[in-house]
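Student: the sequence and its predicted three-dimensional model are supplied below.
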Amino acid sequence: MRKADFDKAWETCRKFDRDTLDLKLIIINVFNTELILNITSRVLAIVGANGVGKTSFIEKVNRITSGRQCEKKADFELVRFEGQYRGNFLGLPAFFPMRNGESVPEILLIDASLDVHEIRKYILSITNLEEMLPQVGARVLKQKEVSQYRHVVHKYYESIEIYEFESATEVDEVFPFFIVKIDGFKYDSRTMGFGELSACYIIWTCLRAKKGTILLFDEPDSHLSPYCRTALLNFFAYAASENNLQIIFTSHSSETVATLNPQEMILIDKTSGPGLCISQDKRKTLRRLGFVSTPRLLLITEDVDGHELLLCILAKWASDFKDVVDVQMVLGGAAELVRLQRFFPKESRACRLQVVLDGDKRLEYAKNNAELLFLPDIYDPVESARITVTANPDYFTLQLGVPLHEVTRSLKATRHLDHHDFCSAFAQELNVQGIDTKRVRTNLFKAWLEVPAHAQDSQQLSKQILTLIGDE
């Protein structure tokens, strides 16, 4: 099959321009809040890590599309599907009984791995299989169908014969037995690799489905190679466009995320509590699945004061990202730091560098370099914090654990000093065991962050920093 065939199939899937079946949205109740997930394609993936509830999700979809109300669990309740079926409004489950002549689409829930295991087990148990095959009769596929199997399985089949056996346990159910030919050599389902047989079974299921069917696959790509996973997605689009199918499947493969549009994926992520949303960004989705490592972000400050304040801000507003954000200081002044950022490789995958200057450098550098970040306020960090604690020393006193009058006395004794010498001189003046320059500086900035205006500005700076690593 040609790439143009798949491009056309994807275009058809995403247009929703046929009236046989159009599922438009899913209504979900999350913690008593109604959430509407818009469906923009006939192919929809439910993605997420192992154990987050992908299989439970499609089982709920199976219940609700079968007209049955889903049971409510702690995380979310799948309330309703809405769309068009055969030109009429479709709401599942229906709020009102179906009128005469109305119907719902056929629903098929397929666990290919389990089905293939049971099929192979049953086939191997048949002792007179060779005698049964002529009685069942073969369907020899045309070259157009063979090409679809070739594309997904990535093998050059010369011919494919399919024997459809009736299930011994389920009424009106059949399962396939494949005989394929490659380079003049024939082999069948008994000797096929498990991944090859799984792929053939999935293709057979899609091509055999009635028009308008909703197919629910549980991890159909779990036994396939990366190439075959991408090929299977293209086949899903082709089958959905040709037979007006709606294909919903679970996956946690990078090929799924890379191939589909972000809006064609529902991301289930419970790393920070139950979460369910339409994916908005492929890179974020890949990172949630563990496929993309986040590049380290190296923040550079002018001196020890800026370094300590930035650490306090990140500890308060971005502590979850301490493993990927590092803060260092480079001596040499603001001009040296700006030059360093200018020449650092922008496309480095291992590390990204960002300079954070003191607030008093904003007027000097902001106009000519929009990429720079600045600490809050218009003063040097220590000077700004000293102004704050001098006006209101209560929280600073509480942090240090010394009497208020001692803090007030020490502030007065050091008020004439430059901000470079303030912290060390204050610690010396206070003369309390265990309180050194570093502790004074840290508690000074913690007290500064208690002021609402400073806290708001600091939170905004942390958001700018998180944007650099793609998590805002």
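Tutor: That came through fine.
Student: could you list the domains of the chain?
Tutor: Domain segmentation of the chain under automatic domain parsing yields 3-106+209-284, 113-204, 293-472.
Student: mind putting those domains in a markdown table, mean pLDDT included?
Tutor: Formatted as a markdown table, the domains of the chain follow (pLDDT from 0 to 100):
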| stretch | mean pLDDT |
| --- | --- |
| domain 3-106+209-284 | 78 |
| domain 113-204 | 89 |
| domain 293-472 | 87 |
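Student: could you dump the ones you listed into CSV and include mean neighbour count?
Tutor: Yep, even glycine has a C-beta here, placed from its N, CA and C like the rest. Formatted as CSV, the domains of the chain follow (neighbours: other C-beta atoms under 10 Å):
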stretch, mean neighbour count
domain 3-106+209-284, 18
domain 113-204, 15
domain 293-472, 17
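Student: could you find the closest non-adjacent residue to the residue in the chain sticking out farthest from the centre?
Tutor: When each C-alpha in the chain is compared with the mean C-alpha position (C-alpha atoms, centre = their mean), Ala413 comes out farthest, at 55.4 Å. The shortest distance from Ala413 to any non-neighbouring residue, by C-beta to C-beta, 6 or more residues apart in numbering, is to Glu429 (4.9 Å).
Student: pretty sure that neighbour is touching Ser410, no?
Tutor: Yes. Contact criterion C-beta atoms under 8 Å: Glu429 and Ser410 qualify, at 4.4 Å.
Student: got a list of what Glu173 touches?
Tutor: Contact analysis of Glu173 by C-beta atoms under 8 Å, 6 or more residues apart in numbering lists 166-167.
Student: and it, how far from Phe165?
Tutor: Distance, Glu173 to Phe165, by C-beta to C-beta, to the nearest Å: 10 Å.
Student: what of Glu219?
Tutor: Noted for Glu219: a distance of 25 Å to Phe165, by C-beta to C-beta.
Student: before we move on, the earlier item: distance of the residue nearest to Ala413 relative to Asn443?
Tutor: As judged by C-beta to C-beta, Glu429 and Asn443 stand 15 Å apart.
Student: one more: Glu130?
Tutor: Taken as C-beta to C-beta, the span from Glu130 to Asn443 is 85 Å.
Student: and for Lys15?
Tutor: 62 Å.
Student: assign the residue positioned nearest the centre of the chain to helix, strand or coil.
Tutor: Among the residues of the chain, the one closest to the centroid is Thr285, at 2.4 Å (C-alpha atoms, centre = their mean). What DSSP: H, G, I helix; E, B strand; the rest coil gives for Thr285 is helix.
Student: so it makes contact with Gly48?
Tutor: No. Using C-beta under 8 Å, Thr285 makes no contact with Gly48, being 9.3 Å away.
Student: which neighbours do those two have in common?
Tutor: Residues touching both Thr285 and Gly48 (C-beta under 8 Å, 6+ apart) are Leu267.
Student: which SS state does Val327 fall under?
Tutor: Of the three states, Val327 takes strand under three-state DSSP.
Student: and what of the one 4 residues further on?
Tutor: Counting by three-state DSSP, the backbone at Leu331 sits in coil.
Student: list the contacts of it.
Tutor: Asp303.
Student: distance of it relative to Leu314?
Tutor: 21 Å.
Student: you'd agree the residue nearest to Ala413 is in a strand?
Tutor: No. Counting by three-state DSSP, one finds Glu429 to be helix, located in no strand.
Student: so who does it touch?
Tutor: Glu429 neighbours (C-beta under 8 Å, 6+ apart): 409-410, 413-414.
Student: tell me which of the residues you listed fall in helices.
Tutor: Cross-referencing those against helices under DSSP state H gives 409-410, 413.
Student: of the residues you listed, closest to Arg386?
Tutor: Ser410 (11.4 Å; C-beta to C-beta).
Student: surely that closest one meets Phe426?
Tutor: Yes. The criterion here is C-beta under 8 Å, and Ser410 meets it with Phe426 at 5.4 Å.
Student: how far off centre is stretch 431-445?
Tutor: How far stretch 431-445 lies from its chain's middle: 43 Å, per C-alpha atoms, centre = their mean, to the nearest Å.
Student: contacts for that stretch?
Tutor: So stretch 431-445 is contacted by 304-305, 308-309, 312, 381-382, 385-386, 389, 396, 399-400, 402, 406, 423-424, 426-427, 430 (C-beta under 8 Å, 6+ apart).
Student: from the residues you listed, which land in strands?
Tutor: Among the contacts of stretch 431-445, none falls in strands (DSSP state E).
Student: looking at those, which are in helices?
Tutor: The members of these that map onto helices under DSSP H are 304-305, 308-309, 312, 381-382, 385-386, 389, 396, 399-400, 406, 423-424, 426-427, 430.
Student: all helices of the stretch 151-300 of the chain, in order?
Tutor: 194-208, 226-243, 254-259, 282-288 (DSSP state H, counting those that start in this stretch).
Student: got a markdown table for the ones you listed, with distance to Leu44 too?
Tutor: Listed next are the helices of the stretch 151-300 of the chain as a markdown table, based on distance: least, C-beta to C-beta, whole Å:
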| stretch | distance to Leu44 |
| --- | --- |
| helix 194-208 | 15 |
| helix 226-243 | 10 |
| helix 254-259 | 11 |
| helix 282-288 | 14 |
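Student: out of the ones you listed, which is closest to Lys322?
Tutor: Nearest of the helices of the stretch 151-300 of the chain (C-beta to C-beta): helix 282-288, 16.5 Å.
Student: report all helices and strands that that closest one contacts.
Tutor: In terms of contacts (3 or more C-beta pairs under 8 Å, 6 or more residues apart in numbering; DSSP states H and E), helix 282-288 is packed against helix 254-259, strand 265-268.
Student: now those in a markdown table, with distance to Ile107?
Tutor: Below are those laid out as a markdown table (distance: least, C-beta to C-beta, whole Å):
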| stretch | distance to Ile107 |
| --- | --- |
| helix 254-259 | 22 |
| strand 265-268 | 18 |
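Student: out of the ones you listed, flag the one nearest Phe6.
Tutor: Proximity to Phe6 (C-beta to C-beta) singles out helix 254-259 among the helices and strands packed on helix 282-288, at 10.1 Å.
Student: if I pick Gln246, what's in contact with it?
Tutor: Neighbouring residues of Gln246 by C-beta under 8 Å, 6+ apart: 21, 23, 42, 44, 105, 213-215, 240.
Student: closest to Glu158 among the residues you listed?
Tutor: For the contacts of Gln246, the nearest to Glu158 is Ala240 (27.6 Å; C-beta to C-beta).
Student: distance of the residue nearest to Pro403 when sequence neighbours are not counted from Ile26?
Tutor: Sequence neighbours aside, Thr397 is the residue nearest to Pro403 in space, at 7.5 Å (criterion: C-beta to C-beta, 6+ apart). The gap separating Thr397 from Ile26 is 55 Å, by C-beta to C-beta.
Student: do the same with Leu133
Tutor: Leu133 is 44 Å from Ile26, where distance means C-beta to C-beta.
Student: do Val79 as well
Tutor: 8 Å.
Student: now Leu461
Tutor: 38 Å.
Student: what do you get for Leu299?
Tutor: Relative to Ile26, and taking C-beta to C-beta, Leu299 is found at 41 Å.
Student: again, but for Ile160
Tutor: 36 Å.
Student: over to His419?
Tutor: 57 Å.
Student: the helices of the stretch 151-300 of the chain: which one's closest to Ile268?
Tutor: Short answer: helix 282-288, nearest of these by C-beta to C-beta, at 9.4 Å.
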